[in-house]
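# Got a predicted model here, sequence first, then my questions.
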Amino acid sequence: MTRRTLTHISAPAGVAPSDGYTHVVTGPGRLAAVAGQMPFDEKGDLVGEGDPAAQARQIFENMRGCLAAAGLTFDDVIKLTYYVTDIAHVPAVLAVRDEFIDPRRPPASTVVQVVALYRPDLLLEVDAFALAGEEATA
(Lines give C-alpha, C1' and ligand atoms only; values in the text may rest on other atoms or scores of the structure.)
Protein backbone atom coordinates (compact mmCIF):
# COMPACT_ATOMS: atom_id res chain seq x y z
CA MET A 1 0.00 0.00 0.00
CA THR A 2 1.32 3.42 -0.93
CA ARG A 3 1.44 5.86 1.96
CA ARG A 4 0.06 9.31 1.42
CA THR A 5 0.42 12.45 3.44
CA LEU A 6 -2.37 13.53 5.74
CA THR A 7 -2.70 17.25 6.42
CA HIS A 8 -3.06 18.16 10.11
CA ILE A 9 -4.41 21.65 10.81
CA SER A 10 -3.99 22.29 14.53
CA ALA A 11 -4.80 26.01 14.53
CA PRO A 12 -7.28 27.10 11.84
CA ALA A 13 -7.65 30.87 11.52
CA GLY A 14 -9.76 32.23 14.37
CA VAL A 15 -9.61 28.97 16.39
CA ALA A 16 -7.45 28.50 19.49
CA PRO A 17 -4.61 26.00 18.99
CA SER A 18 -5.36 22.50 20.18
CA ASP A 19 -3.60 20.56 22.90
CA GLY A 20 -3.48 16.81 22.33
CA TYR A 21 -5.67 16.71 19.22
CA THR A 22 -5.87 18.26 15.78
CA HIS A 23 -8.82 20.42 14.78
CA VAL A 24 -8.86 19.25 11.14
CA VAL A 25 -7.25 16.27 9.40
CA THR A 26 -7.70 15.70 5.69
CA GLY A 27 -6.14 13.72 2.89
CA PRO A 28 -6.86 11.65 -0.22
CA GLY A 29 -8.52 8.25 -0.17
CA ARG A 30 -11.64 6.36 0.87
CA LEU A 31 -13.20 6.85 4.29
CA ALA A 32 -13.10 3.84 6.61
CA ALA A 33 -15.30 3.85 9.71
CA VAL A 34 -14.33 1.71 12.72
CA ALA A 35 -17.24 0.93 15.02
CA GLY A 36 -17.01 1.73 18.70
CA GLN A 37 -14.50 -0.66 20.22
CA MET A 38 -14.95 -2.02 23.72
CA PRO A 39 -12.41 -3.66 26.07
CA PHE A 40 -13.17 -7.29 25.19
CA ASP A 41 -10.48 -9.80 24.25
CA GLU A 42 -10.80 -12.16 21.29
CA LYS A 43 -12.89 -14.56 23.42
CA GLY A 44 -15.31 -11.78 24.37
CA ASP A 45 -14.04 -11.49 27.95
CA LEU A 46 -13.75 -8.07 29.59
CA VAL A 47 -10.18 -6.83 30.04
CA GLY A 48 -9.30 -4.42 32.85
CA GLU A 49 -12.35 -4.32 35.08
CA GLY A 50 -12.25 -0.98 36.94
CA ASP A 51 -9.00 0.05 35.20
CA PRO A 52 -9.41 2.73 32.50
CA ALA A 53 -5.82 2.34 31.22
CA ALA A 54 -6.15 -1.44 30.81
CA GLN A 55 -9.52 -1.02 29.11
CA ALA A 56 -8.09 1.64 26.79
CA ARG A 57 -5.12 -0.59 25.88
CA GLN A 58 -7.47 -3.45 24.91
CA ILE A 59 -9.66 -1.06 22.93
CA PHE A 60 -6.68 0.25 20.96
CA GLU A 61 -5.43 -3.31 20.34
CA ASN A 62 -8.90 -4.20 19.03
CA MET A 63 -8.84 -1.07 16.88
CA ARG A 64 -5.40 -2.05 15.54
CA GLY A 65 -6.94 -5.35 14.37
CA CYS A 66 -9.91 -3.59 12.78
CA LEU A 67 -7.63 -1.17 10.95
CA ALA A 68 -5.37 -4.00 9.78
CA ALA A 69 -8.39 -5.83 8.36
CA ALA A 70 -8.89 -2.82 6.07
CA GLY A 71 -5.18 -2.61 5.23
CA LEU A 72 -4.71 0.41 7.52
CA THR A 73 -2.69 1.46 10.56
CA PHE A 74 -3.03 4.15 13.21
CA ASP A 75 -1.13 6.45 10.84
CA ASP A 76 -4.32 6.48 8.70
CA VAL A 77 -6.68 7.48 11.54
CA ILE A 78 -8.09 10.97 11.10
CA LYS A 79 -10.73 11.05 13.90
CA LEU A 80 -11.24 9.38 17.26
CA THR A 81 -14.33 9.72 19.44
CA TYR A 82 -14.10 8.70 23.09
CA TYR A 83 -17.14 7.87 25.20
CA VAL A 84 -16.16 7.75 28.88
CA THR A 85 -18.30 7.14 31.95
CA ASP A 86 -16.08 9.44 34.04
CA ILE A 87 -14.18 12.40 32.60
CA ALA A 88 -11.47 11.70 35.21
CA HIS A 89 -10.45 8.66 33.09
CA VAL A 90 -9.35 10.86 30.17
CA PRO A 91 -5.68 11.39 31.18
CA ALA A 92 -5.13 7.61 31.52
CA VAL A 93 -6.93 6.95 28.22
CA LEU A 94 -4.90 9.56 26.35
CA ALA A 95 -1.63 8.25 27.79
CA VAL A 96 -2.48 4.84 26.35
CA ARG A 97 -3.61 6.40 23.07
CA ASP A 98 -0.16 7.94 22.74
CA GLU A 99 1.33 4.41 22.71
CA PHE A 100 -0.58 3.77 19.46
CA ILE A 101 -0.63 7.12 17.62
CA ASP A 102 2.02 9.73 16.93
CA PRO A 103 1.31 12.36 19.62
CA ARG A 104 3.06 14.97 17.46
CA ARG A 105 0.35 14.50 14.80
CA PRO A 106 -2.76 13.39 16.68
CA PRO A 107 -6.06 12.82 14.91
CA ALA A 108 -9.07 15.07 15.32
CA SER A 109 -10.82 13.98 18.52
CA THR A 110 -13.95 14.33 20.58
CA VAL A 111 -14.39 13.26 24.21
CA VAL A 112 -17.90 12.75 25.57
CA GLN A 113 -18.83 11.78 29.11
CA VAL A 114 -21.82 9.44 29.05
CA VAL A 115 -24.11 8.22 31.81
CA ALA A 116 -23.61 4.57 30.87
CA LEU A 117 -22.38 2.23 28.16
CA TYR A 118 -23.52 -1.18 26.95
CA ARG A 119 -22.62 -2.80 30.29
CA PRO A 120 -22.01 -1.25 33.72
CA ASP A 121 -18.42 -2.61 33.88
CA LEU A 122 -17.39 -0.72 30.72
CA LEU A 123 -15.56 2.53 31.43
CA LEU A 124 -15.08 3.66 27.83
CA GLU A 125 -15.68 3.00 24.16
CA VAL A 126 -13.76 4.48 21.23
CA ASP A 127 -14.62 4.71 17.53
CA ALA A 128 -12.57 5.99 14.61
CA PHE A 129 -12.49 7.26 11.06
CA ALA A 130 -9.49 6.54 8.86
CA LEU A 131 -8.58 7.29 5.28
CA ALA A 132 -7.79 4.26 3.13
CA GLY A 133 -5.74 4.77 -0.01
CA GLU A 134 -7.41 3.94 -3.30
CA GLU A 135 -5.51 0.65 -3.49
CA ALA A 136 -6.50 -0.52 0.03
CA THR A 137 -8.95 -3.41 0.18
CA ALA A 138 -11.39 -4.38 2.87
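Arrived safely, thanks for sending.

# buried stuff in stretch 42-56?
Neighbour-count burial for stretch 42-56 flags 47-48, 52, 54-56 (criterion: 16 or more other Cβ atoms under 10 Å). (Each C-beta comes from the backbone N, C-alpha and C, glycine too.)

# for stretch 16-29, that is, sorry about that
So, applying 16+ other Cβ under 10 Å, buried residues of stretch 16-29: 18, 21-22, 25, 29.

# Need the residues that contact that stretch.
Identification of contacts with stretch 16-29 by Cβ atoms under 8 Å, 6 or more residues apart in numbering yields 4-12, 15, 76, 78-79, 94, 103, 105-109, 131-134, 136.

# pLDDT averaged over it - what is it?
Rounded to a whole number, the mean pLDDT of stretch 16-29 is 84.

# Look up how far Asp102 lies from the closest residue to Pro103 other than its chain neighbours.
The spatially closest residue to Pro103, leaving aside those adjacent along the chain, is Gly20, at 7.6 Å (Cβ to Cβ, 6 or more residues apart in numbering). Gly20 sits at a distance of 12 Å from Asp102 (criterion: Cβ to Cβ, to the nearest Å).

# repeat for Val115
33 Å.

# Counting neighbours around each, name which of those two comes out higher.
More crowded of Val115 and Asp102, by other Cβ atoms under 10 Å: Asp102, with 11 against 5.

# Specify the local secondary structure of the more buried one.
Here Asp102 is recorded as coil under DSSP: H, G, I helix; E, B strand; the rest coil.

# isn't it right next to Asp75, touching?
Yes - with contact defined as Cβ atoms under 8 Å, Asp102 reaches Asp75; the gap is 7.2 Å.

# if we can go back for a sec, quick one: what helix or strand has the residue nearest to Pro103 in it?
Using DSSP states H and E, Gly20 sits in no helix or strand.

# Please report how far it lies from Ile87.
14 Å.
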